[in-house]
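Undergrad: Sequence and predicted structure below; questions after.
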Amino acid sequence: MQFSSKILSQTITKLCLDNGIDHIVISPGSRNAALTIGFTGTTSFTNFSIVDERCAAFFALGLAQQLQRPVALVCTSGSALLNYYPAIAEAYYSDIPLVVLSADRPAHLLEIGDGQTIKQENVFANHILYSGACTEGEEFQKYNEDQIHTALSIAISQSGPVHLNLPFSEPLYDIVTTPSVFPENHPTVVTKHTDNQELISEIASHWNSSSKKMILTGVLPPNSLEANIISQLAEDSSVVVLTETTSNVHHPNFFPAIDQLIAPLEISDFRALQPEVLITFGGMVVSKKIKKFLRDYPPKVHYHIDSKKAFDTYFCLTKHVRCSPNHFFKEFLSLTQKTISTYQQDWLRVKNQRLQKHELYLKEIPFSDFLVFSQLFKALPNNIQLQLSNSSTIRYGQLFEMNPSHAIFCNRGTSGIDGSTSTAIGAAHVCKTPTVFITGDLSFFYDSNALWNQYITSNFKIIIINNSGGGIFRILPDAKQVPSFDTFFETKHQLTASQLSDMHGFDYQSANDMSSLKAQLAVFFENSNSPKVLEIFTPSHINDSVLLSYFDYIK
């Protein structure tokens with residue numbers, strides 16, 4: 001084993017290892033040499049080298065998303081740290097634990113005009129669970145250990161990003177074979193829930209006296225709800241359960257395509273759907289239509305179930321129940337009574353009518369984004385991890401029932417297009433099942449440096465819907481009437497992924513009509529020795545009208 005001569009590096013690496021933080025994403029640099037030496041000096045750590053810090057941070061996000069434990073990021077001083085910010089914000093809102101370890105110059109070299117220095121301390125102030133700053137020198141060992149313990153404990157117990165700023169003076173590359181310090185670890189105790197018995201009884205009282213109960217689920221990891229809980233909710237005729245593509249919760253009596261259900265409704269239908277009791281859990285919700293509906297037609301009471309936080313998304317939050325959904329429903333359902341109601345059956349009837357019209361619409365429309373997504377979701381093999389990019393991709397995903405065998409993920413914390421590919425690649429690296437990533441053209445090209453790493457597995461596949469720009473903007477009211485819409489909103493282009501695929505060792509396939517798409521999909525999911533890209537070119541001038549006409553058609 002080898003260690004950096006810097007005792008701060010020795011302290012960090014020892015405490016990370018003691019806390020199970022053994023996946024480290026390092027971006028090359030000099031000021032972080034002591035950290036790099038420490039993490040690479042033992043086989044106990046799994047280290048990744050990724051040059052682009054923005055891609056590195058999203059790659060680490062993907063690792064942590066799948067590992068469900070903290071992953072550390074290591075960078076040099078200066079602007080390198082700022083490139084982590086998009087992924088830090090995503091981790092903050094998506095409750096994904098990251099530990100940012102930024103190397104810095106000593107205090108006496110800051111703000112004097114020295115090279116590669118910025119004000120690094122507390123740089124993520126508004127989107128971080130904890131910011132700590134250490135100091136070089138043996139006399140600060142106790143202080144440094146406390147800072148490190150606090151940061152790691154918060155990342156683990158609160159599941160989110162933390163930042164430690166670490167100054168290192170020269171020389172930076174000295175190596176020793178025996179550590180100088182042996183910091184003592186204080187194991188983190190994670191409390192999953194508090195005593196909510198009185199509050200749960202209160203909710204049960206409202207529940208038992210209501211005939212219209214709605215449950216809305218946001219982003220959830222797969223298997224977040226036990227099967228018997230799902231069955232009990234599905235069998236209650238007074239309960240309507242709305243799920244999202246990212247909820248990873250499935251049952252024939254649930255409503256997975258929220259916009260498909262709500263968008264065509266009339267005012268009288270809205271009043272009929274309005275719940276008396278609303279229970280929500282999970283992360284961010286994609287559907288704008290359900291947000292507007294619940295804001296315009298609020299329930300009498302709204303309870304959000306989450307061990308950490310509750311957003312008042314619908315402006316009617318009654319109380320926050322601090323526990324996991326599984327824990328809540330195990331206690332809650334034993335206190336509930338079934339109510340005679342037609343609430344669920346009435347809306348299942350509407351759902352079935354929508355699905356029939358949905359299938360008829362697919363037979364009538366031309367080759368377009370809508371038809372392509374329909375073909376893709378039907379063609380995907382079972383038991384895969386499905387990563388979706390933001391903007392059009394996730395919104396089209398909301399209109400189709402997903403395969404229950406798929407584990408589905410999307411960066412919905414900030415809903416940005418900037419790191420979807422990097423996240424998917426990181427997730428695929430530690431996922432044991434094949435991973436398919438579906439993305440739009442702008443999102444793919446924006447994050448093209450994601451392909452510049454050596455950790456892309458051969459069973460990783462990218463599907464790009466290339467409609468030559470930001471097609472999502474065409475469906476916004478009056479957007480196309482804005483001067484220079486093509487240039488500054490839609491961002492028209494003629495790029496293809498062919499050369500990028502060749503440069504980074506991907507097998508490349510393409511399609512531009514239904515016949516070629518079916519032919520390519522027939523072979524695309526076969527095993528290969530290289531990762532694959534399938535680029536599907538769609539006509540940008542009709543995609544918006546096909547989508548907008550859909551909601552009128554299924555009324």
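TA: Okay, I see it.

Undergrad: quick one: contacts for the most centrally placed residue in the chain?
TA: Nearest residue to the geometric centre of the chain (C-alpha atoms, centre = their mean): residue 411, 2.9 Å. With contacts defined as C-beta atoms under 8 Å, 6 or more residues apart in numbering, the neighbours of residue 411 are 58, 61, 90, 94, 390, 419, 420, 423. The C-beta positions use only the backbone N, C-alpha and C, and glycine is treated the same way.

Undergrad: Quick one: buried ones out of these?
TA: The neighbour-count criterion (16 or more other C-beta atoms under 10 Å) marks 58, 61, 90, 94, 390, 419, 420, 423 among the contacts of residue 411 as buried.

Undergrad: Keep only those of these that are in helices.
TA: With helices identified by DSSP state H, the entries of those that belong to them are 58, 61, 90, 94, 420, 423.

Undergrad: Just the closest of these to residue 342, please.
TA: residue 94 (37.4 Å; C-beta to C-beta).

Undergrad: where does the helix or strand where residue 131 lies sit relative to the chain's centre, distance-wise?
TA: Here residue 131 is covered by strand 130-133, with elements defined by DSSP states H and E. Its chain's C-alpha centre lies 24 Å from the corresponding centre of strand 130-133 when counted by C-alpha atoms, centre = their mean, to the nearest Å.

Undergrad: packing partners for it?
TA: With contacts defined as 3 or more C-beta pairs under 8 Å, 6 or more residues apart in numbering; DSSP states H and E, the packing partners of strand 130-133 are helix 141-158, strand 162-167.

Undergrad: what inclination does the first one have with respect to strand 162-167?
TA: Using axes from the mean of the first three to the mean of the last three C-alpha atoms, to 10 degrees, the interaxial angle of helix 141-158 with respect to strand 162-167 works out to 160 degrees.

Undergrad: Give me the contacts around helix 141-158.
TA: With C-beta under 8 Å, 6+ apart as the criterion, helix 141-158 contacts 7-8, 11-12, 15-16, 19-21, 69-70, 97-99, 129-130, 132-135, 160-164, 181, 183-186, 188-191, 308.

Undergrad: ok, of the ones in helices among the buried ones among the contacts of residue 411, which one's closest to residue 262?
TA: Within those, proximity to residue 262 (C-beta to C-beta) peaks at residue 94, which comes in at 24.9 Å.

Undergrad: Let me have the contacts of residue 411 in JSON lines, extended by pLDDT and distance to residue 401.
TA: Written out in JSON lines, the entries for these read as follows (pLDDT from 0 to 100; distance: C-beta to C-beta, whole Å):
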{"residue": "58", "pLDDT": "98", "distance to residue 401": "29"}
{"residue": "61", "pLDDT": "98", "distance to residue 401": "28"}
{"residue": "90", "pLDDT": "98", "distance to residue 401": "27"}
{"residue": "94", "pLDDT": "97", "distance to residue 401": "24"}
{"residue": "390", "pLDDT": "94", "distance to residue 401": "21"}
{"residue": "419", "pLDDT": "96", "distance to residue 401": "28"}
{"residue": "420", "pLDDT": "97", "distance to residue 401": "23"}
{"residue": "423", "pLDDT": "98", "distance to residue 401": "24"}
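
Undergrad: Kindly reformat these as JSON lines containing distance to residue 256.
TA: Written out in JSON lines, the entries for the contacts of residue 411 read as follows (distance: C-beta to C-beta, whole Å):
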{"residue": "58", "distance to residue 256": "27"}
{"residue": "61", "distance to residue 256": "26"}
{"residue": "90", "distance to residue 256": "24"}
{"residue": "94", "distance to residue 256": "21"}
{"residue": "390", "distance to residue 256": "19"}
{"residue": "419", "distance to residue 256": "26"}
{"residue": "420", "distance to residue 256": "22"}
{"residue": "423", "distance to residue 256": "23"}
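
Undergrad: Report the two of those separated the most.
TA: Those two in the contacts of residue 411 that are separated most widely, counting by C-beta to C-beta, are 61 and 390, at 13.7 Å.

Undergrad: Number of residues surrounding residue 123?
TA: Taking other C-beta atoms under 10 Å as the neighbour definition, residue 123 ends up with a count of 18.

Undergrad: Could you tell me the model confidence score at it?
TA: The per-residue pLDDT reported for residue 123 equals 96.

Undergrad: what do you get for residue 68?
TA: 96.

Undergrad: burial measure for it, as a count.
TA: Neighbourhood size, residue 68 [other C-beta under 10 Å]: 10.

Undergrad: Could you find the closest non-adjacent residue to it?
TA: Counting by C-beta to C-beta, 6 or more residues apart in numbering, the nearest residue to residue 68 once its immediate chain neighbours are dropped is residue 221, at 7.1 Å.

Undergrad: Could you measure from the one you found over to residue 127?
TA: For residue 221, the distance to residue 127 equals 22 Å [C-beta to C-beta, to the nearest Å].

Undergrad: Quick check, pLDDT for the residue of the chain positioned farthest from its centre.
TA: Note on the chain: the largest separation between a C-alpha and the mean C-alpha position, by C-alpha atoms, centre = their mean, falls on residue 139 (41.5 Å). The model reports residue 139 with a pLDDT of 95.

Undergrad: Please apply the same query to residue 76.
TA: Model confidence at residue 76, expressed as pLDDT, equals 96.

Undergrad: That one: neighbouring residues, count only.
TA: Under the neighbour criterion other C-beta under 10 Å, residue 76 is assigned a count of 23.

Undergrad: Kindly report the same for residue 221.
TA: Around residue 221 there are 16 residues (other C-beta under 10 Å).

Undergrad: can you check residue 399 too?
TA: When neighbours are defined as other C-beta under 10 Å, residue 399 has 22 of them.

Undergrad: Any chance of the backbone angles for residue 302?
TA: Its backbone dihedrals place residue 302 at phi -140, psi 120, with angles given as degrees, to the nearest 10.

Undergrad: is it true that it touches residue 315?
TA: No. Residue 302 is not in contact with residue 315 according to C-beta atoms under 8 Å; the separation is 9.2 Å.

Undergrad: These two: who's more crowded?
TA: residue 302 (23 against 10).

Undergrad: Tell me where the model's unsure across the stretch 251-400 of the chain.
TA: Counting by pLDDT under 70, not a single residue of the stretch 251-400 of the chain qualifies.

Undergrad: Where do the strands of it begin and end?
TA: Listed from the start of the chain, the stretch 251-400 of the chain has strands (DSSP state E, counting those that start in this stretch) covering 277-281, 301-305, 319-321, 385-388.

Undergrad: now for the ones you listed, which one comes closest to residue 547?
TA: Set against residue 547 and scored by C-beta to C-beta, the strands of the stretch 251-400 of the chain come closest in strand 385-388, at 16.8 Å.

Undergrad: Adjacent strands (with direction) for that closest one?
TA: According to DSSP bridges, strand 385-388 forms sheet pairs with strand 407-410 (parallel), strand 435-440 (parallel).
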